[in-house]
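Novice: What follows is a protein structure lacking sequence information:
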């Protein structure tokens, strides 16, 4: 009986008390996340390449 009451409360919470984003808000948020992911991955890629070049230069000078 407790499980049935719990499930009814969960359903009531999701249907009546939760504010869901509109389709345009959801699309805009997804675009922002995709752009931020591309920018962050480009920064990490640039850092990786620069560290590789710097360490390659250091090791070349040492050995």
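Specialist: That came in fine, so what should we check first? This is a predicted model, so every value here is computed, not measured. Numbering: from 1, shown residues only.
Novice: Mind checking the pLDDT average for the longest helix belonging to the chain?
Specialist: In the chain, with assignment by DSSP state H, the single longest helix is helix 23-62. Helix 23-62 shows an average pLDDT of 96 in the prediction.
Novice: Give me the distance from it to the chain's centre.
Specialist: 14 Å (C-alpha atoms, centre = their mean, to the nearest Å).
Novice: what about residue 21, distance to residue 8?
Specialist: For residue 21, the distance to residue 8 (C-beta to C-beta, to the nearest Å) stands at 25 Å. In short, each C-beta sits where N, CA and C put it, glycine included.
Novice: Quickly note the distance from residue 15 to residue 21.
Specialist: To residue 21, residue 15 is 16 Å away according to C-beta to C-beta.
Novice: quick one: residue 50 and residue 43, what's the gap?
Specialist: As judged by C-beta to C-beta, residue 50 and residue 43 stand 11 Å apart.
Novice: And for residue 14?
Specialist: Residue 14 is 38 Å from residue 43, where distance means C-beta to C-beta.
Novice: Could you do residue 56 as well?
Specialist: Residue 56 sits 20 Å away from residue 43, going by C-beta to C-beta.
Novice: What of residue 8?
Specialist: To residue 43, residue 8 is 48 Å away according to C-beta to C-beta.
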